[in-house]
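>>> Mind folding the following:
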Amino acid sequence: MADPTSRDTLPPHKDPSAAGGFLVALGMLGGAGVGFAIGQATPGFLIGTGVGVLAAVLVWVRDRR
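Residues are numbered from 1 along each chain as shown. Here you go, the predicted model:
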């Protein structure tokens, strides 16, 4: 009988995927901060969120390769 812990029975190792959630949070906070500094906190927050989501999508696309 084969050893159940042998490397032959384990699934192939997959490298951990990169996480882009930090970029979304950073964009939100940074955008709100910049927007607050110029007197437009809500548009700054929304633009920062969009930039963060775009950066997270780019990380996701790069990680898929």
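
>>> packing partners for the longest helix seen in the chain?
Criterion DSSP state H: the longest helix present in the chain is helix 41-64. Applying 3 or more Cβ pairs under 8 Å, 6 or more residues apart in numbering; DSSP states H and E, one finds that helix 41-64 makes contact with helix 21-37. (Each C-beta comes from the backbone N, C-alpha and C, glycine too.)

>>> what comes up buried for the helix it packs on?
Under the neighbour-count criterion of 16 or more other Cβ atoms under 10 Å, helix 21-37 has Leu23, Val24, Gly27, Met28, Gly30, Gly31, Ala32, Gly35 buried.

>>> Switch those over to a markdown table; also include pLDDT and distance to Pro43.
Shown next, in a markdown table, are those (pLDDT from 0 to 100; distance: Cβ to Cβ, whole Å):
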| residue | pLDDT | distance to Pro43 |
| --- | --- | --- |
| Leu23 | 91 | 19 |
| Val24 | 93 | 17 |
| Gly27 | 94 | 13 |
| Met28 | 95 | 13 |
| Gly30 | 95 | 13 |
| Gly31 | 95 | 8 |
| Ala32 | 95 | 10 |
| Gly35 | 95 | 6 |
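
>>> from those residues, which single one is nearest Arg65?
Leu23 (18.1 Å; Cβ to Cβ).

>>> how close does the closest one get to Leu46?
16 Å (Cβ to Cβ, to the nearest Å).

>>> coming back round to it: just the closest of the buried residues of helix 21-37 to Ala55, please.
Using Cβ to Cβ, those come closest to Ala55 at Leu23, 4.2 Å.

>>> you'd agree that closest one is up against Val59?
Yes: using Cβ atoms under 8 Å, Leu23 is in contact with Val59, at 6.6 Å.

>>> Outside of stretch 32-44 itself, which residues are in contact with it?
Residues from elsewhere that reach stretch 32-44, judged by Cβ atoms under 8 Å, 6 or more residues apart in numbering: Gly31, Phe45, Ile47, Gly48.

>>> likewise stretch 48-65?
Counting by Cβ under 8 Å, 6+ apart, 17-21, 23-32, 34-35 sit against stretch 48-65.

>>> pLDDT below threshold where in this structure?
In the predicted model, the chain carries pLDDT under 70 at residues 1-18.

>>> Many thanks, I have nothing further to ask.
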